[in-house]
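> Give me a 3D structure for the following:
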Amino acid sequence: MLLYSSTINSFLGKVKKLARRIMNEEMDLPFNKTRFLWRGFYYPLHFVLFEDPNKLGYFSPSHFQIGLHKKLMYLAHDKVIENIIRHELAHMYCSLLYGKRFHELDSHGKEFREVCARFSWGPEVFKAYSHLEFENELYRNDKDIGFERIKGKIEKLLALADSDNPHEAQAATLKANQLLLKYNLKNLDFNEEAETCVKLVYRTKKLNSTMNALYDILQYFYVQPVFNRTGEGVGLDVVGSRLNVEMADYITKYLANEFETLWNTAKKKDPKLKGLKMKNNYILGLAQGFSTKLKQERSLQNQEASSSRDLIRLNDNLLKQVKMAFPRLSRQAASAGSFDPRARASGQKDGSQINIRPGVSQGNKGFLLNS
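Down below sits the predicted model:
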């Protein structure tokens, strides 16, 4: 998950300044404001902060992006940060040297050590992440009590919303929706110091009906979905507050699987439903049917809100969060493709019956709203 705030942006400015000095003075890679020169071509280089329980930093060759863990901003000495930057720049240099073979290399093997040696970087660089006890310390007290409390309440309501008793399920669903709205209204005032979260929730080689359907649906869950195209394909990111982004992540995984299940069931019921064109129309129909249901529930939520102005402010806050994470984001749209009325109508009918249920994994039951 990527993080943004005014404090984080300030820290990343310092990181970029350190990286520019290292690249210009130690690596002979001229680096201006946003791009560096390599063998006659300019390449972009971006720096981000993230949270992840399994790593402290990374280099992404598809995005030309260097990521540093958020905790390094608070706990790491500048000299440590410099060596971590050198470590990731060494990975970047390997990707430039070896191109498509980069992913086949041992990440810290012979080629990586040779790059470090080329720039006279010793073990303080190529072993920059070797202290696992430090990494564990980063997560020891990383619980957000308020976040965990609201998450627990929603999980309990989800258990009731999965009840066979329709009245009990409906009441629990309404209560869960009210709780989510209340949580968002409580954090109504936009604060540049508050973290804006960005998370990749779905990835595919090219834009398809499932991604378009998810894009339409996720907008009802207090996040802004964003198409993110790279050399490796297309990703769907979501932007928003931490709770809303985590919910959107679960909803995406649930729906992507549910779409396939419903399509396979629909084909068995109606043998005339077959082929990619009909599947695309069916999935888009699922999104339309489910979105209509969500829109009706949103109308009920609006009646419960203390003021319609609050809901407008919620949307305004989300727009500010998107601007902080993606300042140059342009309006996004996708082709609707060819229309098939039979498959579209079948999808709309089934979409109106979709219920997002709580997860059943041992580690985390998930948290979202039944709808």
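> In the chain, which residue is most central in space?
Lys199 (1.3 Å; Cα atoms, centre = their mean).
> and it, what are its bridge partners?
Taking DSSP bridges as the rule, Lys199 bridges to Val238.
> Wait, it touches Ile251, no?
No. Applying Cβ atoms under 8 Å as the test, Lys199 and Ile251 come out as separate, 11.9 Å apart. Backbone N, C-alpha and C define where each C-beta goes, glycine included.
> rewinding a little: name all residues that make contact with the residue nearest to the centre of the chain.
Counting by Cβ atoms under 8 Å, 6 or more residues apart in numbering, Lys199 makes contact with Met1, Leu2, Asp237, Val238, Val245, Glu246, Ala248, Asp249.
> Kindly report the same for Leu3.
Contacts for Leu3 (Cβ under 8 Å, 6+ apart) come out as Val48, Leu49, Phe50, Glu51, Lys70, Glu195, Thr196, Cys197, Val198.
> That one looks like it's in a helix, true?
No. Looking at Leu3 with DSSP: H, G, I helix; E, B strand; the rest coil, it is strand, so not inside a helix.
> For it, give me the pLDDT.
Note on Leu3: pLDDT of 91.
> try Lys16
95.
> ditto for Ser330
On pLDDT, Ser330 comes in at 57.
> Ala334 now?
For Ala334, the pLDDT comes out at 59.
> again with Thr34
Per-residue confidence (pLDDT) for Thr34: 88.
> if I look at it, how far off is Thr230?
Using Cβ to Cβ, to the nearest Å, Thr34 is found at 17 Å from Thr230.
> With neighbour numbers in mind, choose between those two.
Between Thr34 and Thr230, Thr230 has the larger neighbour count (other Cβ atoms under 10 Å), namely 14 against 11.
> what's that one in contact with, if anything?
Residues near Thr230 by Cβ under 8 Å, 6+ apart: Ser62, His63.
> now do Ser352
Going by Cβ under 8 Å, 6+ apart, Ser352 touches Gly289, Phe290, Thr292, Lys293.
> what about the stretch 251-371 of the chain, any weak spots by pLDDT?
Across the stretch 251-371 of the chain, residues meeting the criterion (pLDDT under 70) sit at 300-311, 328-337, 357-371.
> ok, Val201 touching Gly240?
No. Using Cβ under 8 Å, Val201 is not in contact with Gly240, being 11.3 Å away.
> any common contacting residues for the two?
Ala248.
> The two: who's more crowded?
Just comparing Val201 and Gly240: by other Cβ under 10 Å the higher neighbour count belongs to Gly240, 26 against 21.
> Identify the spatial nearest neighbour of Arg242, chain neighbours not counted.
If the residues on either side of it in the chain are set aside, Arg242 comes closest to Cys197, at 5.1 Å by Cβ to Cβ, 6 or more residues apart in numbering.
> residue ranges of the strands in the stretch 201-350 of the chain, please?
With strands called from DSSP state E, counting those that start in this stretch, the stretch 201-350 of the chain shows them at 224-230, 233-240.
> Ranked by average pLDDT, which of those strands falls at the bottom?
Per-stretch mean pLDDT for the strands of the stretch 201-350 of the chain is lowest at strand 224-230 (a mean of 89).
> Neighbouring strands of it in the sheet, and parallel or not?
strand 233-240 (antiparallel).
> Could I get the buried residue list for the strand it pairs with?
Val234, Gly235, Leu236, Asp237, Val238, Val239, Gly240 (16 or more other Cβ atoms under 10 Å).
> returning to that earlier point: same list (the strands of the stretch 201-350 of the chain) but as TSV, adding distance to Arg149.
Putting these into TSV (distance: least, Cβ to Cβ, whole Å) gives the following:
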stretch	distance to Arg149
strand 224-230	25
strand 233-240	19
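> For Phe326, find the nearest of the ones you listed.
Shortest distance between Phe326 and these, using Cβ to Cβ, is found for strand 224-230: 6.3 Å.
> domains of the protein?
For the chain, the structural domains run 2-140, 145-351, going by automatic domain parsing.
> Next, count neighbours for Glu114.
Here the count is done by other Cβ under 10 Å, and Glu114 has 13 residues near it.
> what does Lys253 give?
For Lys253, using other Cβ under 10 Å, the count is 14.
> what's near enough to touch it?
Lys253 sits next to Val201 when contact means Cβ under 8 Å, 6+ apart.
> Mind doing that once more with 7 Å?
Lys253 sits next to no residue when contact means Cβ atoms under 7 Å, 6 or more residues apart in numbering.
> Tell me where the stretch 101-250 of the chain has helices.
Using DSSP state H, counting those that start in this stretch, the helices assigned to the stretch 101-250 of the chain run over residues 110-118, 123-126, 132-140, 145-161, 166-186, 209-218, 242-269.
> By mean pLDDT, show me the worst of those.
helix 132-140 (a mean of 47).
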